[in-house]
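Colleague: below are the sequence and a predicted model; questions follow.
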Amino acid sequence: MKEQATLHSRVVNIIGFPVDLGADRRGVDMGPSAIRIAGLEDRLRKLGYEVIDEGDIHILIMESQKIENPKLKYLDEILKTSNVLASTVEDILVRDHFPLCLGGDHSMAIGSIAGISSYCRKQNKELGIVWIDAHTDMNTDLTTPSGNIHGMPVAAAIGVGNVALTNFFGICPKMKPENVIIIGARNVDPDEKDIVQQSGVKVYTMTDIDRQGIHAIINKTLKHFQKNVDHIHVSFDLDSLDPGIAPGVGTPVRGGLNYREAHSLMEAIADCGCMSSFEVTEVNPILDDRNKSAELAVELIASAMGQKIL
């Protein structure tokens, strides 16, 4: 096995990326603020971490821009701000700190993954990603029914899609497809399915979770990573959860992970001690009930960072 990194850094750097340009539904740009208001920093400090809040990266709103390509909406601003995010994340890792990115829609992962990939290449580390999401996010400009870039970051990371996305930050591909494992998928666009099936990315759908159980699936995932990668990044889209427990998300889909399944996932990651970066996306306060979804996001972050029942 490769020498496995552990969550040894006790310094967590929070980066807000309030982007809603990658999606049709407004409101996820307020996600970073909602998660902060839900008590994230205090929860992390109680777990023994030193917390540095880097603030939010500035992103222009939709109303101040034009859509140049309806198949890649707001591409220029997403790439410009993703470049700032990528550089910030890489710098945090170079300092041996732990980057915790708060979204915003899932187009945020274009920047976060680029920064992590750049760091891993320079350190001769192999990158692996646990992608927890109702969607596989493997559309391209040729398959997307909406033109929304939040549905493209996994494809871009493995070098599939428009060159502006795949070559972003000067790295293509940013990781091996066999080191991407998607958990919780239940809504895949028709033309996207072909890309998923041909990619080499491993997908555990909600049907797989129903049949095998979440504990078995995360154990298989972590066992694969412990043999093959050095840096594990967890990308958690809150729409992986059932809307009954997380109503405030950008793209809710019925039939998602329940409360205990979600915590079991996070607890297993914490027990592994092998997570080196983390992001949470798609919290939408406009659709939420008294910040319930953001509070749940904070609980799950805490579980992934080591909070235990006993």
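Modeller: Done, it's in. Note that the coordinates shown come from a computational prediction; the quantities given were computed from them, not determined experimentally.

Colleague: select the longest helix from the protein.
Modeller: Among all segments of the chain classified by DSSP state H, the helix with the greatest residue count is helix 75-94.

Colleague: return the distance of the helix or strand following that helix from the chain's centre.
Modeller: Helices and strands here follow DSSP states H and E; after helix 75-94, the next one along the chain is strand 98-103. Once both centres are worked out by CA atoms, centre = their mean, to the nearest Å, strand 98-103 turns out to sit 9 Å from its chain's centre.

Colleague: from the contact counts, what lies against the longest helix of the chain?
Modeller: Using 3 or more CB pairs under 8 Å, 6 or more residues apart in numbering; DSSP states H and E as the contact definition, the elements that helix 75-94 packs against are strand 11-17, strand 98-103, helix 108-122, helix 163-166, strand 275-281. The C-beta positions use only the backbone N, C-alpha and C, and glycine is treated the same way.

Colleague: give me the pLDDT value at the residue positioned nearest the centre of the chain.
Modeller: Residue closest to the mean C-alpha point of the chain, counted by CA atoms, centre = their mean, is S235 at 2.5 Å. What the model reports for S235 is a pLDDT of 98.

Colleague: buried residues in the longest helix of the chain?
Modeller: Across helix 75-94, burial judged by 16 or more other CB atoms under 10 Å covers 75, 77-79, 81-86, 88-90, 92-93.

Colleague: list the contacts for L102?
Modeller: Neighbouring residues of L102 by CB atoms under 8 Å, 6 or more residues apart in numbering: 14-17, 31-32, 35-36, 40, 279-280, 283.

Colleague: ok, now V188?
Modeller: For V188, the contact set (CB under 8 Å, 6+ apart) comprises 135-136, 196.

Colleague: looking at these, spot the one nearest L60.
Modeller: Within the set of these, H135 lies nearest L60; the separation is 25.2 Å, counting by CB to CB.

Colleague: run a quick neighbour tally on that closest one.
Modeller: The burial count assigned to H135 is 25, neighbours taken as other CB atoms under 10 Å.

Colleague: swap in S240?
Modeller: For S240, the neighbour count with other CB under 10 Å is 26.

Colleague: shouldn't it be in contact with N187?
Modeller: No: applying CB atoms under 8 Å, one finds S240 not in contact with N187, separated by 10.6 Å.

Colleague: give me the common contacts of the two.
Modeller: Between them, S240 and N187 have A134 as joint contacts when contacts are counted by CB under 8 Å, 6+ apart.
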